[in-house]
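Participant: I would like to see how this sequence folds:
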Amino acid sequence: MSLRYRYRLFAMGHPLIPLSGRTVRPRPLIPVTLIGPGGTSRARALVDTGADDTLFPDSAAVNIGLDLTNAPVGAGAGIGMAAVPVRYAQVMLRLAAGSERREWAGWVGFTSAPLRHPVLGFAGCLQYFDALFLGGLEELELTVNDLYPGTP
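Facilitator: Below is the predicted model:
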């Protein structure tokens with residue numbers, strides 16, 4: 001049993017040389033729900049095997065009623081960016097595709113840094129899944145692995 005998602009296509013407004021002149025860029029953006037003590041927040045997040053952590057904007061923590069006042073603090077940085085503070089909390093995450101659904105508790109980093117999209121990285125998310133990126137089909141398949149702590 002696995003979760004399968006089509007890549008989302010983003011119009012670029014100009015031909016993309018490395019994609020043979022296509023004017024759209026496919027990205028593995030999938031719907032994810034964060035569940036906290038005061039509610040839920042749904043977003044489309046980028047599945048990024050190169051990301052160390054799962055990251056969401058601070059506003060998502062507010063939306064789910066999460067108090068980050070005494071949260072553990074770390075730092076994160078993207079390509080060419082300076083390190084930014086990240087506050088961590090364990091929350092419930094939910095992924096669904098078709099009739100399949102997975103829900104688990106995972107560590108998520110929250111940041112005030114601008115994020116184009118939330119990121120599903122290794123810690124908190126991908127550590128619990130085996131990911132198959134089907135480039136030719138522009139699809140992503142996630143299958144729970146032996147580390148998955150959630151409900152089937």
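Participant: Give me the pLDDT value at residue 146.
Facilitator: Residue 146 is assigned 95 on the pLDDT scale.
Participant: Repeat that for the one 5 residues further on.
Facilitator: As summarised for this prediction, residue 151 has a pLDDT of 71.
Participant: for residue 80, same thing?
Facilitator: For residue 80, the pLDDT comes out at 61.
Participant: how close does residue 34 sit to residue 13?
Facilitator: Residue 34 sits 32 Å away from residue 13, taking Cβ to Cβ, to the nearest Å as the criterion. Where C-beta positions appear, they are placed from N, C-alpha and C, glycine not excepted.
Participant: again with residue 4
Facilitator: Separation of residue 4 from residue 13 (Cβ to Cβ): 29 Å.
Participant: can you give me the helices for the chain?
Facilitator: Taking DSSP state H as the criterion, the chain contains helices spanning 58-63.
Participant: Would you mind listing the buried residues in the helix or strand bottoming out on mean pLDDT in the chain?
Facilitator: For the chain, using mean pLDDT, DSSP states H and E, the weakest element among its helices and strands is strand 73-76, scoring a mean of 83. By neighbour count on 16 or more other Cβ atoms under 10 Å, the buried set for strand 73-76 is residue 76.
Participant: who does it pair up with?
Facilitator: strand 84-97 (antiparallel) (DSSP bridges).
Participant: how about residue 83, what does it touch?
Facilitator: Residues counted as contacts of residue 83 (Cβ atoms under 8 Å, 6 or more residues apart in numbering) are 75, 76, 77.
Participant: And the residues you listed, which is closest to residue 39?
Facilitator: Among the contacts of residue 83, residue 76 lies closest to residue 39 (Cβ to Cβ), at 25.0 Å.
Participant: If you drop the residues flanking it in sequence, what lies closest to that closest one?
Facilitator: residue 86 (4.7 Å; Cβ to Cβ, 6 or more residues apart in numbering).
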